[in-house]
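K.L.:
Return atomic coordinates for the entry below.
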Amino acid sequence: MRVSESCAECLFNQQKNLTDDKDYLAEIKAIIDGRDEDDTAPYLVYRINSVYEGRFGKRASYKDVKRKYNDLVMSMEDDLRKKIESSEDPLFKALVFARIGNYIDFGAMNNVDENTFLALFDDPKMRSEDEADIKSLFAQCKTAKKFLLVADNCGEIVLDKLFLEQLVKKYPQLEVSVMVRGADVLNDVTLEDAEYVGLSKKYRIIPNGNSAAGTIYHMLSDEAKKAIDSAEIILAKGLGNYESMCKQGRHIFFSFLCKCELFTSRFNVPRLTGVFVEERIAD
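P.N.:
As a prediction, this is how the structure comes out:
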């Protein structure tokens, strides 16, 4: 997904809010202004982070934040599982719940509020525009063998686990793998998080080999590239994965909440609206 001018301005303003160091800001402006046509926001953020850490040292750790939200959603896990399993369509309900978890995003959100997150479960639903793509996902799961979930945020990964439980229950022939970040970046999921929430006990976990807040193919490890190339079905969660994976000539399902003006405008929806979309190779 190409970086729009409004997105570029937002990336620069985020750095201005961190420091007034003129030399640093000039270097960041040069990175943003000199971006290639195919550069995505997650790739630019990766380059910006590298410059920042070179000048100012490591950014503050999100370890405590990740533990907090992983623990919060795990405390809800049994109750949510009961709601899923008692619903008319458990797999659909689990898919909706998993998308709600995309709210926990300390990159795209100015403020992550626990009460706002919990309130999203009060009215879980899908847009009518999403229904055809959801049906397409489930139809393809009937005959597919390899399913890859590209994970996004802490806390959200617990809800992804509930979704995958229902997925393999309905389509037991699926071999499920989960791709996570290869190193710490914001509150994104790593191997450590997948192990902490118990996901690694059931599914193959694939670190992607880098610390970009997205899935940038040329930066992936050989194992991660092979997982993407061989997957029959890919479900990518979150804005960073959408920005870095869409329009790349791959057949991918995307699931996320629209959390900034770029996405609310693109999909013509209010903020925090959930979107589920299938991007076919010919799209």
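K.L.:
Go through the helix or strand where residue 50 lies and flag the buried ones.
P.N.:
Assigned by DSSP states H and E, residue 50 belongs to helix 41-56. Using 16 or more other C-beta atoms under 10 Å as the test for burial, helix 41-56 gives 41-46, 48-49, 52. The way it works is simple: take the backbone N, C-alpha and C, and place the C-beta from them, glycine included.
K.L.:
and residue 120, how many neighbours?
P.N.:
Residue 120 sits with 18 neighbouring residues when counted by other C-beta atoms under 10 Å.
K.L.:
Over to residue 230?
P.N.:
So residue 230, with other C-beta under 10 Å, has 11 neighbours.
K.L.:
give the contact list for the closest residue to it other than its chain neighbours.
P.N.:
What sits nearest to residue 230 in space, not counting adjacent residues and going by C-beta to C-beta, 6 or more residues apart in numbering, is residue 146, at 6.0 Å. Neighbour list for residue 146: 174-175, 177, 230-233 [criterion: C-beta atoms under 8 Å, 6 or more residues apart in numbering].
K.L.:
buried set for stretch 122-129?
P.N.:
124, 126.
K.L.:
Any idea how far apart the tips of it sit?
P.N.:
21 Å (C-alpha to C-alpha, to the nearest Å).
K.L.:
How far off centre is that stretch?
P.N.:
19 Å (C-alpha atoms, centre = their mean, to the nearest Å).
K.L.:
May I have the residues that are in contact with the residue lying closest to residue 153 once chain neighbours are set aside?
P.N.:
Counting by C-beta to C-beta, 6+ apart, residue 153 lies nearest to residue 104, which is 4.8 Å off, once chain neighbours are set aside. By C-beta under 8 Å, 6+ apart, residue 104 lies in contact with 69, 112, 117, 153-156, 187.
K.L.:
and if you look at residue 196?
P.N.:
67, 70.
K.L.:
Compute the distance between it and residue 162, please.
P.N.:
16 Å (C-beta to C-beta, to the nearest Å).
K.L.:
Tell me who's in contact with the residue nearest to residue 53 when sequence neighbours are not counted.
P.N.:
Computed as C-beta to C-beta, 6+ apart, the closest residue to residue 53 that is not its neighbour in sequence is residue 59, at 6.7 Å. Residues near residue 59 by C-beta under 8 Å, 6+ apart: 49, 52-53.
K.L.:
Tell me the span between the first and last residue of stretch 259-273.
P.N.:
So stretch 259-273: terminal residues 8 Å apart, C-alpha to C-alpha.
K.L.:
tell me which residues in that stretch are buried?
P.N.:
259-260, 262-263, 267, 269, 272.
K.L.:
Surely residue 164 and residue 148 touch.
P.N.:
No - counting by C-beta atoms under 8 Å, residue 148 is not a contact partner of residue 164; they are 11.2 Å apart.
K.L.:
any residues in contact with both of the two?
P.N.:
176, 178.
K.L.:
Where do the strands of the stretch 151-283 of the chain begin and end?
P.N.:
Using DSSP state E, counting those that start in this stretch, the strands of the stretch 151-283 of the chain run over residues 175-180, 204-207, 233-237, 252-257, 274-279.
K.L.:
Redo those as a markdown table? Include distance to residue 226.
P.N.:
Output for those, formatted as a markdown table (distance: least, C-beta to C-beta, whole Å):
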| stretch | distance to residue 226 |
| --- | --- |
| strand 175-180 | 10 |
| strand 204-207 | 9 |
| strand 233-237 | 13 |
| strand 252-257 | 16 |
| strand 274-279 | 21 |
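K.L.:
out of these, which comes closest to residue 130?
P.N.:
Each of those was scored for nearness to residue 130 using C-beta to C-beta, and the closest is strand 274-279 (4.0 Å).
K.L.:
ok now do the closest residue to residue 191 other than its chain neighbours, which residues does it touch?
P.N.:
In this structure, residue 191 finds its nearest non-sequential neighbour in residue 207, 5.1 Å apart by C-beta to C-beta, 6+ apart. Neighbouring residues of residue 207 by C-beta under 8 Å, 6+ apart: 179-182, 190-191, 221, 224.
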